[in-house]
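*Asks:* could you look at this predicted model? Sequence included:
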Amino acid sequence: MWDMKPDAPIEFRGEFSPIATSSPDIQICEHLPMLAKQAHHFSMVHGVTDYGRATGDHHAGYYYNLTGHPPDDTFRTQGNDRRPLPTDWPHMGCVVGTKRQGNGKLPDVISLPHKPSKLPFTRPGQFAGRIGMEFDPFFLNGSVEQPLDFNAPTLTLSAGSSPERVHERRALLETLSNMRRELDHDENVRNYSRQQQRAFQLLSASGTAGAFDIKTESASTLARYGGTVNGTSLLMARRLVEAGVPFITVFWKENEAIASRCKSAGGWDTHGSNFACLREYLLPEFDRSLSALLEDLHQRGLLEETLVLVTSEMGRKPQVGDPRSGGRSGAGRDHWTSCMSVLMAGGGVQGGRTHGRTDKHAAYPAEKPVGPEDITKSVYHAMGIDDLNAVDLLGRPYNLLEEGRTLSDLFI
């Protein structure tokens, strides 16, 4: 997609060719023509690596890239069975939510259109962890089948409920919570109570539900974003930016209809038919929706103050062929955590630039290697967050991210 190697042997470069973009310094995949026209708005970071600190599994990759902290030994011993823990380092969005509060009418951190991955294999790293569940994201649910319909389970009134009924339930819950607190003074109980309190406030607020009603957008806007659940999720993200939500995460929603063909769950984990799945399904949807977001934010004067980050838990193996799908004949690519690329746009990032360089096969960084901690630190910098001090449950101070450096050459 991003780091094309047209002079590499065919077993490395694959079937796609690079194309020129609106930036003389950036070339990208030929199947991203709409995004190529937006390259003057974004910069590419090549050679993002785990330095051998991850495990090659999805869970560890999610955790490292969402928190900026390398996975601990439990990820090695438990693999994708490793569950989110209350002692985990927080998702970068949750840190932003504690430091940059919004307008108070909507949550400060929102994730959509799903919570990766399916139970019981929920990915660690997407929650607030040690800073407290009161800072967990609010999740909006969307579906492939009904891409215009989003719902927030914590903000949805059940059938027959009314604002008055909500207040009655709130009083009952407060009574039960008070009784429990007399027996259990654990901080998790207090944090859960704060989360309940916020949910009730949002349920009672006028206009809250309207912020999630994407059907009010024009037909032309919906078409520009592509009309898929991932496209409408990015459109929802633009709406939430306008509404003053400090941090929004869009997790790509997988399409199970193509799972068997791509030897994946229906997304980017293309263990088989990598090039066909990218060309026919993934890249066209991604190209239209991301280019629409960048174009839309720019036209509305929001891009300069909004950082757009496109990242993942891992890259793909440079050499074509995965034993799980028949080797080279299966045309898949396995996991690869030693090297990948990240896109950054807006939020003070200079457009049309590149940072770092990889070797001739895009297998390892060759110049200016970057770790997930550096990307995370750069996000905090773009958000104006310099103070990363926090206090644990015992009142002891600690730093939320000591490692990492801001990629200052990308910023204006």
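*Replies:* Thanks, I have it. Treat the numbers as computed from the prediction; the structure is a model and nothing was measured.

*Asks:* so which residues of the stretch 51-200 of the chain form helices?
*Replies:* 58-67, 73-78, 92-99, 163-183, 187-204 (DSSP state H, counting those that start in this stretch).

*Asks:* what about the residue nearest to Glu403 when sequence neighbours are not counted, helix or strand, and which?
*Replies:* Spatial nearest neighbour of Glu403, excluding adjacent residues (CB to CB, 6 or more residues apart in numbering): Glu373 at 4.4 Å. (Each C-beta comes from the backbone N, C-alpha and C, glycine too.) Glu373 is part of helix 372-382, with elements assigned from DSSP states H and E.

*Asks:* contacts for that helix, please.
*Replies:* Helix 372-382 is contacted by residues 45, 48, 50, 64-65, 67-69, 92, 95-96, 307, 309, 311, 342, 344, 347-349, 386, 388, 401, 403-408, 410-411 when judged by CB atoms under 8 Å, 6 or more residues apart in numbering.

*Asks:* output the contacting helices and strands for the helix or strand just after it.
*Replies:* Following helix 372-382 in sequence order, the next helix or strand is strand 389-391 (DSSP H and E). Packed against strand 389-391 by the contact rule (3 or more CB pairs under 8 Å, 6 or more residues apart in numbering; DSSP states H and E) you find strand 397-399.

*Asks:* can you rerun that using 10 Å?
*Replies:* Where contact means 3 or more CB pairs under 10 Å, 6 or more residues apart in numbering; DSSP states H and E, strand 389-391 is packed against helix 92-99, strand 397-399.

*Asks:* can you pull the contacts of Ile412?
*Replies:* If a contact means CB atoms under 10 Å, 6 or more residues apart in numbering, then Ile412 has 304, 347-351 as its contacts.

*Asks:* can I get those in TSV with distance to Asn151?
*Replies:* Output for these, formatted as TSV (distance: CB to CB, whole Å):
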residue	distance to Asn151
Glu304	32
Gly347	29
Gly348	34
Val349	33
Gln350	38
Gly351	35
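
*Asks:* which of these tops the neighbour count?
*Replies:* Val349 (24 neighbours; other CB atoms under 10 Å).

*Asks:* now do the contacts for that residue.
*Replies:* Listed by CB under 10 Å, 6+ apart, the contact set of Val349 reads 41-43, 45, 303-304, 307-309, 343, 378, 382, 407, 410-412.

*Asks:* please report the distance of it from Ile10.
*Replies:* With the distance defined as CB to CB, to the nearest Å, Val349 ends up 34 Å from Ile10.

*Asks:* got it, and Asp88?
*Replies:* Relative to Ile10, Asp88 is positioned 42 Å away (CB to CB).

*Asks:* quick one: which of these two has more around it?
*Replies:* Between Asp88 and Ile10, Asp88 has the larger neighbour count (other CB under 10 Å), namely 24 against 8.

*Asks:* surely Arg300 and Leu294 touch.
*Replies:* No - applying CB atoms under 10 Å, one finds Arg300 not in contact with Leu294, separated by 11.2 Å.

*Asks:* done for today, thanks.
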